[in-house]
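> Whatever this is, show me its structure:
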Amino acid sequence: MSKKEKVAVVALDARSLPRAQALALRLNTAVSCDSSAVSGMVLEVSQDRLALRDTTQPRTRALTIDAAKRRYAPAGKDLLARALGRQCQSIIDATAGFGSDTFDFVRRGKTVVAIERVEVAAIMLEAAASACCPDHETGTLQVVCGDAIEKISSLKTVDVIFLDPMFPDRDRHTAKPRKAQQFLRRLAGEDADGATLLQVARLHARGRVIVKRPRHAQPLGGKPDIVHQGKAVRYDVYLARGAA
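Purely as a prediction, here's the structure:
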């Protein structure tokens with residue numbers, strides 16, 4: 001596993017300092033009020049948002065979580081909806097990352113538990129979840145920080161467990177990963193336990209486990225029961241015993 005990077009915390013104004021100090025304590029890292037005094041990966045803290053910035057790339061935007069950002073699938077081509085199935089009401093997103101899929105599930109009206117082992121990502125998820133105002137069109141969200149392999153067994157069983165594991169990119173022709181994926185890889189290192197996580201998930205899911213994969217990648221855990229394939233990604237579905 002590659003070396004994990006640490007994150008410094010910066011308070012962008014004096015009023016944000018107490019919040020920044022609390023987050024720095026949780027991350028066991030330094031806190032500063034001077035952006036120019038820190039380097040590498042930095043969590044920028046203000047009263048109304050959290051942002052993750054790579055100070056080695058000063059001309060790029062910081063990464064934030066927009067819980068309101070929607071995905072729009074063409075009519076009849078919502079592969080994720082097909083993968084979830086009509087009976088799905090509850091989901092564990094066991095590899096939540098920065099919540100791209102997590103908040104999509106919430107907007108679909110599901111009861112969601114998001115597990116993320118990179119603590120700074122979990123912190124940003126928690127902040128986004130608290131700022132997201134549920135209405136009659138949305139579900140609910142609980143964020144759990146920790147290793148999904150250890151945490152899943154302590155949670156209530158759900159209809160679906162969703163996995164989107166990171167894997168080393170060995171293909172030089174593959175497109176450069178999105179910023180969120182690049183940051184996660186630097187903070188967490190490479191995934192080496194995706195297959196184990198799938199085994200744990202299959203023991204706990206009530207209905208099915210869904211694994212999101214690049215279109216041409218090998219299945220994570222043997223031949224899936226159902227495959228929903230798009231142009232860039234596919235969803236491998238592993239049914240629980242007795243599930244239809």
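> so where is the protein shaky, pLDDT-wise?
1-3, 74-76, 133-138, 167-177, 241-244 (pLDDT under 70).
> Strands of that one, start to end?
7-11, 31-32, 41-45, 50-54, 90-93, 111-116, 140-145, 160-163, 208-214, 226-229, 233-239 (DSSP state E).
> okay if I get those as a markdown table plus mean neighbour count and distance to Lys151?
Quick note: C-beta positions are derived from backbone N, CA and C, even for glycine. A markdown table is the format used below for the strands of the chain (neighbours: other CB atoms under 10 Å; distance: least, CB to CB, whole Å):
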| stretch | mean neighbour count | distance to Lys151 |
| --- | --- | --- |
| strand 7-11 | 24 | 22 |
| strand 31-32 | 18 | 28 |
| strand 41-45 | 22 | 23 |
| strand 50-54 | 21 | 22 |
| strand 90-93 | 27 | 9 |
| strand 111-116 | 26 | 5 |
| strand 140-145 | 19 | 6 |
| strand 160-163 | 27 | 11 |
| strand 208-214 | 23 | 15 |
| strand 226-229 | 14 | 26 |
| strand 233-239 | 20 | 19 |
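> Out of the ones you listed, flag the one nearest Arg71.
strand 233-239 (12.3 Å; CB to CB).
> can you list the residues that contact that closest one?
Contacts of strand 233-239 with the rest of the structure, by CB atoms under 8 Å, 6 or more residues apart in numbering, involve 79-80, 82-83, 198, 202, 207-215, 219-221, 224-229.
> Quick check: can you list the domain ranges of the chain?
What automatic domain parsing lists as the domains of the chain is 7-54, 79-239.
> For Leu155, which residues are in contact?
Leu155 makes contacts with Ile92, Val113, Val144, His204, as judged by CB under 8 Å, 6+ apart.
> need the domains of the chain in CSV with distance to Ala68, can you?
As requested, the domains of the chain are exported to CSV (distance: least, CB to CB, whole Å):
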stretch, distance to Ala68
domain 7-54, 13
domain 79-239, 7
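> Quick one, which of the ones you listed gets closest to Ile65.
Closest approach to Ile65 among the domains of the chain is made by domain 79-239 (4.1 Å; CB to CB).
> before we move on, back to that, so for Asp66, which of the domains of the chain sits nearest?
domain 79-239 (7.8 Å).
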